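Q: Sharing a sequence plus its predicted fold:
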Amino acid sequence: ALKAEKSAPVADVTDLGYNFAQTVLDNDLAQPYKNAYWNDIPDYAKDKDGKWAAAYWGAIAFTVNKDKVKNVPQKWDDLLKPEYKDTICLKDPRSSATANMVVLAAAVAKGGDEKNVKPGIDYFKQLKASGALRPVTPSTSNIQKGECPISLAWDFDGLGWKRDLKMNLDVVIPQDGSVAGFYIQFIAKNAPHANAAKLLTELEFSDEGQLTYANGFVHPIRTSVKIPDDLKKQFPPDDAYKVVKFPKDFVALDAAAKAISDGWAQMVQ
């Protein structure tokens, strides 16, 4: 859309997955702007020239309907057990960035990373062969209807479902490994309202903006912003996130997304 709008720009600001950072730079889609909180943003979560910065992150998790699942799985290996046959829902990694990152998370748990996604593909081949995968997309309505006993998605998805649906859901960070996903914000190269865009960016990275993100169960990028205790207790404990790997090579991450899509296509043939 941004490429198509170059001659007649419409968008002012954009929120994209971290793996699009290289595309943004290669296609000259952003203009530089360093907000007032720039020095509080980790180096790996921002462009050195100010063309993008990540405002928040999430981690891949299991969302478990405890009314449907007797034993809550804690690890990827647990999901291979016979008791979880026909219980696991995820989107198609070829069309869903979330599901693509789910496969990367499994790869990390199995010793891989964004430069080696094969362990994740191999794991899902096992999971498919075990009969654990259910051909249902994890969505608000499907979870509400009880059709997704275990959903593989972001932690903020699961925590939002738990709050909004008021269901007996448990959100688990798999303790054999997971990954974080950043979402980057930037001002479009030819933003028609560039100053308004700058003001929005200031708000997003301010204490107020970071806490607004936290209320949607994503993790503020600025660690100096403290989440209130009543909200914090709704997240998994901090210790659960110690296993979460932060992919910092966005070029490799872009290549990993394609490798995962290609691997999945071969797996489902």
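A: Yes, it's here.
Q: quick one, phi/psi of residue 263?
A: Main-chain dihedrals, residue 263, degrees, to the nearest 10: phi -60, psi -40.
Q: Distance of it relative to residue 104?
A: Going from residue 263 to residue 104 by Cβ to Cβ, to the nearest Å gives 11 Å. Where you see a C-beta, it was placed from the backbone N, CA and C, and this is true even at glycine.
Q: ok, those two, which is more surrounded?
A: Higher neighbour count among residue 263 and residue 104: residue 104, with 29 against 20, using other Cβ atoms under 10 Å.
Q: Can you check which residues contact both of residue 263 and residue 104?
A: Residues touching both residue 263 and residue 104 by Cβ atoms under 8 Å, 6 or more residues apart in numbering: residue 117.
Q: which residues touch residue 104?
A: Going by Cβ under 8 Å, 6+ apart, residue 104 touches 60, 114, 117, 120, 179, 247, 256, 260.
Q: residues near the second one, how many?
A: When neighbours are counted by other Cβ under 10 Å, residue 114 registers 24.
Q: Quick check: the gap between it and residue 101.
A: 10 Å.
Q: Repeat that for the fifth one.
A: Plainly put, residue 179 is 6 Å away from residue 101 if you go by Cβ to Cβ.
Q: How many neighbouring residues does the residue nearest to residue 142 when sequence neighbours are not counted have?
A: Nearest residue to residue 142, sequence neighbours excluded (Cβ to Cβ, 6 or more residues apart in numbering): residue 148, at 5.1 Å. Using other Cβ under 10 Å, residue 148 has 26 other residues around it.
Q: Now name the helix or strand holding residue 148.
A: Assigned by DSSP states H and E, residue 148 belongs to no helix or strand.
Q: Since that was my last question, I'll sign off now.
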